[in-house]
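>>> sharing a model that was predicted from the sequence below.
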Amino acid sequence: MTVYKQLLSLPENFSFRINLDYLKSTEDGLFRTDQESITRFIVLDGNLFFIKIYVSNNNRLVIETEDVSQSYTKQFERQIMLYIRDWFDLDIHLEPFYTIAKQDEYLKMPISKFYGLRNIGIPDIFEAFVWAILGQQINLSFASTLKDRFIKNYGKRLIHNGEDYWLFPSPRLIASLSMDELFKIGMSRRKCEYIRGIARLIANNQISREKLVQLSDINLAVKQLTAIKGIGPWTANYVLLRCVRYPNAFPINDVGLHNALKLAGSLDRKPSIDEIKQIASAWEGYESYATFFLWRLVY
DNA sequence: GGCCAGGTGGCCA
DNA sequence: TGGCCACATGGC
């Protein structure tokens, strides 16, 4: 099979190792990591590509693409590069964030520990919503178990070099499933309804990443999303942070964030919401990165 | 056994 | 608006 190789130059403040470690900690059947690379299948307009990502000696990102569907064109090449730039959030300028964070009581420790980390995103908005809804209220390890069951029950299995990879289930398929079919994996009935509802909205193109990007006002985006059953302020901000990439997305109610602030600030208790508003006022415009680095402390 | 997990909607004053 | 409560399940 033909393999195409592309290079992407990396920002100064990007550490491949730190980002690989992060991905390793979140491996979920959709991609795989080893000591030096990340691999996954991606689908573009129904065409299948297998990509391998690693770093070269002169600090460039190397992307090898196997043309599984025999459909590789310059257009797909461009889309694959955009996908990688987006997944690793390569186009954001983080110097202003680091300048703020270096002198911030709560951020200086996480940015020193994880310098070079990026908000590795969830490019597929349906996946982002499902992951957020699954994670509501329950502990993260159980949420991971549910996600694993979700992917392996409804997703598509592919094999590459004898190893399993999965494609995330399509919103169209999930929208068509019965409550019982969804309930069997162990999530609450309400989560089944929420997920089926969002699947329907995405399948009908009533909700899309592009539309949310175009709103460009986080208050509007949150308002629109929280009108949907099962999407509260936390889920809305989570999706805007991990997928749509609003830099000021801020899931202020997040328990993990609270624990991370307690740890980073050596507090004897978790801060209150009002205290967090005070703390975060210094991060204006970079709340999403502040949150992502703080999460890394506790997950 | 009880309480908390990367919350949310529904009900009631 | 603000205060409960149920929700599925796992870990401590």
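Okay, I see it.
>>> quick check: residues of chain A near DNA strand B?
A:26, A:132, A:135-140, A:142-143, A:188, A:190, A:226, A:228-236, A:238, A:242, A:251, A:253-256, A:259, A:295, A:299 (Cβ under 7 Å from any atom of the strand). Heads up, the C-betas are built off the backbone N, CA and C, glycines and all.
>>> can you say which of those are buried?
Buried members of these, counted by 16 or more other Cβ atoms under 10 Å: A:132, A:135-136, A:143, A:226, A:228, A:230-232, A:234-236, A:238, A:242, A:251, A:254, A:256, A:259, A:295.
>>> could I get the full set of strands for chain A?
A:3-9, A:31-33, A:38-44, A:47-55, A:60-66, A:156-160, A:163-167 (DSSP state E).
>>> any idea of the angle the third one forms with strand A:163-167?
Here the directions of strand A:38-44 and strand A:163-167 differ by 40 degrees (axes from the mean of the first three to the mean of the last three Cα atoms, to 10 degrees).
>>> could you measure from the residue in chain A sticking out farthest from the centre over to A:Ile42?
The centre of chain A is farthest from one residue, A:Asp268, which by Cα atoms, centre = their mean lies 30.7 Å away. When distance is defined by Cβ to Cβ, to the nearest Å, A:Asp268 is 46 Å away from A:Ile42.
>>> for the stretch 151-299 of chain A, give me the ranges with low pLDDT.
Nowhere does the stretch 151-299 of chain A drop to pLDDT under 70.
>>> what does it have sitting close to DNA strand C?
A:186-190.
>>> between the residues you listed, which is nearest A:Ile125?
For these, the closest approach to A:Ile125 (Cβ to Cβ) belongs to A:Met187, at 19.4 Å.
>>> neighbours around the nearest residue to that closest one once chain neighbours are set aside, how many?
Closest residue to A:Met187 apart from its sequence neighbours, by Cβ to Cβ, 6 or more residues apart in numbering: A:Leu146 at 5.5 Å. A:Leu146 has 19 neighbours, counted by other Cβ atoms under 10 Å.
>>> how much space is there between A:Leu146 and DNA strand C?
For A:Leu146, the distance to DNA strand C equals 8 Å [Cβ to the nearest atom of the strand, to the nearest Å].
>>> how is chain A divided into domains?
For chain A, the structural domains run A:3-91, A:93-115+A:123-299, going by automatic domain parsing.
>>> need the winner for burial among these.
Ranked by mean neighbour count, those are led by domain A:93-115+A:123-299 with a mean of 17 (mean count of other Cβ atoms under 10 Å).
>>> show me how far that one is from its chain's centre.
Offset of domain A:93-115+A:123-299 from its chain centre (Cα atoms, centre = their mean, to the nearest Å): 7 Å.
>>> in contact with the spatially closest residue to A:Phe97 that is not a sequence neighbour, which residues?
Leaving aside its chain neighbours, A:Phe97 sits nearest to A:Tyr286 (4.4 Å; criterion: Cβ to Cβ, 6+ apart). By Cβ atoms under 8 Å, 6 or more residues apart in numbering, the contact list for A:Tyr286 reads A:96-97, A:100-101, A:247-248.
>>> give me the subset of these lying in helices.
Of the contacts of A:Tyr286, the ones assigned to helices by DSSP state H are A:96-97, A:100-101.
>>> save these as CSV, and put in pLDDT and distance to DNA strand C too.
Listed next are the ones in helices among the contacts of A:Tyr286 as CSV, based on pLDDT from 0 to 100; distance: Cβ to the nearest atom of the strand, whole Å:
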residue, pLDDT, distance to DNA strand C
A:Pro96, 98, 34
A:Phe97, 98, 32
A:Ile100, 98, 30
A:Ala101, 98, 31
